[in-house]
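Colleague: this one's structure only:
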Ligand SMILES: Nc1ncnc2c1ncn2[C@@H]1O[C@H](COP(=O)(O)OP(=O)(O)OP(=O)(O)O)[C@@H](O)[C@H]1O
Ligand SMILES: CC(C)(CO)[C@@H](O)C(=O)NCCC(=O)O
């Protein structure tokens, strides 16, 4: 479980049980469950921007993020129970106080596990469409969070200044278990233009079978120490060490992922798990980068934002995707990444409380907590390390 919480330097960690958890939203995917919850600070005045009676303000506080493997859903239920996060749902205005708590949820698991949440926690999952939530989450992060988007190529990270008046259209590529590609034209205006079944689940599933790794983090760690050239067939392997310059292929370009394995006369056990993991990561990242570029080309989009937990701030994954987009677009299109890339759906589900009890939920005066400066790149490969991240902000109902 990865649990990111706020910690403003100079201040003590908030005790969530003492503070007020106002809302919880969930994204239950094929691989991971993502939680976003909002806690208000005890020492800050609660402000109702509208000042109208009967309307509630969430006040000033912070978003917290946590995630669990979907296969360990019971751990997630226990976490919610222990932290009493479910008390931060909402009730239908007309409903009697004893009625069930409603929690906004998205992802396929909001259907699959609906009965389990009722049975174990007495929570009714109010389902929001997964694609609506991804787009709402991405738009929120891009518009409201300072230094959310960045480019990453050849080890260089550069934050991208987002011009709110020139954000659309863009291509959103969400790399979860599978991959969804959405052309985003505005708030709530989008189309799912493509997808691929070769995604994060493919990397983890195939990788587990080929290397016997016991965790995703272990597989990723291996890829850092591997050399894909041991297994991948390069252009140079085919062209006797030469480039195929006439069509723009250098000798070091991968001609065929895993292609060397056809002629090496080796068994699986003869290859190092490190090299297998590296080839696999490169194959999948490269493929996604290429399909993304082709879809951007299809609609004349220059900006591609990548989300989803597969990315997880991992340098090599981002580098491979960026190089693929750069290579295929001849430098025309740009791959950009998001710091809270795994939580787009959960944030989007959170935003949808605006449609339910809190009219026109408005996010205002957003301040990033200093602890958000914790950089995932360079930290241990699971991106968990010490980066306690949260987004501090004020939320008003108007
Ligand atoms: N600790 C982890 N355990 C499992 N997978 C992880 C882990 N960390 C990162 N991943 C990667 O993230 C992917 C899941 O990403 P994400 O949570 O965005 O998708 P999902 O919502 O589970 O899937 P989908 O949207 O397709 O239902 C996994 O398939 C894997 O590649
Ligand atoms: C099925 C979903 C949307 C579930 O999140 C995702 O895993 C996905 O986009 N898969 C790719 C499906 C396809 O377009 O081939």
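Modeller: The structure has been received and is ready for your questions. Since the structure is predicted, the reported quantities are computational estimates derived from the model, not experimental observations. Ligands and ions are numbered 1, 2, ... in the order given.

Colleague: just the strands from the stretch 151-300 of the chain, written as ranges.
Modeller: Along the stretch 151-300 of the chain, the stretches classed as strands by DSSP state E, counting those that start in this stretch are 156-159, 170-175, 179-186, 189-196, 233-234, 254-256.

Colleague: of all these, which one is nearest residue 322?
Modeller: For these, the distance to residue 322 is smallest for strand 156-159, at 9.8 Å, taking CB to CB. To be clear about C-beta, it is placed using only N, CA and C from the backbone, and glycine gets the same treatment.

Colleague: show me what from the chain comes close to ligand 1.
Modeller: Residues of the chain lying close to ligand 1 by CB under 6 Å from any ligand atom are 29-32, 69, 107-108, 176-178, 200-201, 203-204, 216-217, 308-310, 312, 342.

Colleague: buried subset of those residues as a ChimeraX selection?
Modeller: Buried residues among those (16 or more other CB atoms under 10 Å), as a ChimeraX selection:
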select :29,31,32,107,176,177,178,200,201,203,204,216,217,308,309,310,312,342
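
Colleague: from this structure, which residue is nearest to ligand 1?
Modeller: Closest residue of the chain to ligand 1, CB to the nearest ligand atom: residue 29 (1.8 Å).

Colleague: correct me, but residue 40 touches residue 63?
Modeller: No - between residue 40 and residue 63 there is no contact under CB atoms under 8 Å: 11.3 Å.

Colleague: between these two, point out the one with more neighbours.
Modeller: Neighbour count, other CB atoms under 10 Å: between residue 40 and residue 63, residue 63 has more, with 28 against 22.

Colleague: hang on, the more buried one in a strand?
Modeller: Yes - under the criterion used here (DSSP: H, G, I helix; E, B strand; the rest coil), residue 63 sits inside a strand.

Colleague: what are the bridge partners for it, then?
Modeller: Judged by DSSP bridges, the bridge partners of residue 63 are residue 38, residue 391.

Colleague: swap in the one 5 residues further on?
Modeller: Counting by DSSP bridges, residue 68 forms beta bridges with residue 33.

Colleague: that one and residue 77: what is the separation?
Modeller: 9 Å (CB to CB, to the nearest Å).

Colleague: got any residues that touch both of those two?
Modeller: Between them, residue 68 and residue 77 share no contacting residue under CB atoms under 8 Å, 6 or more residues apart in numbering.

Colleague: ok, the residue nearest to residue 297 when sequence neighbours are not counted to residue 303 distance?
Modeller: Spatial nearest neighbour of residue 297, chain neighbours left out: residue 329 (7.3 Å); criterion: CB to CB, 6 or more residues apart in numbering. Plainly put, residue 329 is 11 Å away from residue 303 if you go by CB to CB.

Colleague: one more: residue 158?
Modeller: According to CB to CB, residue 158 and residue 303 sit 14 Å apart.

Colleague: give me the more crowded residue out of the two.
Modeller: residue 303 (20 against 11).

Colleague: now the end-to-end length of stretch 258-271.
Modeller: Separation of the first and last residues of stretch 258-271 by CA to CA, to the nearest Å is 11 Å.

Colleague: same check on stretch 298-309?
Modeller: 26 Å.

Colleague: what about residue 302, how many residues close to it?
Modeller: Neighbours of residue 302 (other CB under 10 Å): 12.

Colleague: who are the contact partners of the closest residue to it other than its chain neighbours?
Modeller: Once flanking residues are discounted, residue 302 sits nearest to residue 333: 5.6 Å by CB to CB, 6+ apart. By CB under 8 Å, 6+ apart, the contact list for residue 333 reads 293, 296-297, 301-304, 325-326.

Colleague: farthest pair in the residues you listed?
Modeller: The most distant members of these, if one measures by CB to CB, are 301 and 326, lying 15.0 Å apart.

Colleague: where does residue 341 land on pLDDT?
Modeller: On the pLDDT scale, residue 341 is placed at 97.

Colleague: tell me which of the strands of the stretch 151-300 of the chain sits most buried.
Modeller: strand 170-175 (a mean of 28; mean count of other CB atoms under 10 Å).

Colleague: helices of the stretch 201-350 of the chain, residue ranges please.
Modeller: In the stretch 201-350 of the chain, the helices defined using DSSP state H, counting those that start in this stretch lie at 216-225, 235-238, 273-299, 315-328, 344-351.

Colleague: any chance of those in TSV, plus distance to residue 171 and mean pLDDT?
Modeller: Below are the helices of the stretch 201-350 of the chain laid out as TSV (distance: least, CB to CB, whole Å; pLDDT from 0 to 100):
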stretch	distance to residue 171	mean pLDDT
helix 216-225	25	96
helix 235-238	28	98
helix 273-299	5	97
helix 315-328	10	94
helix 344-351	14	96
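
Colleague: indicate which one of the ones you listed is closest to residue 22.
Modeller: helix 344-351 (10.4 Å).

Colleague: tell me, how many neighbours does the closest residue to residue 272 other than its chain neighbours end up with?
Modeller: Using CB to CB, 6+ apart and skipping residues adjacent in sequence, the residue nearest residue 272 is residue 226, 6.8 Å away. Neighbour count for residue 226, taken as other CB under 10 Å: 23.

Colleague: also residue 238?
Modeller: Using other CB under 10 Å: residue 238 sits among 15 other residues.

Colleague: now residue 169
Modeller: Count around residue 169 with other CB under 10 Å applied: 16.
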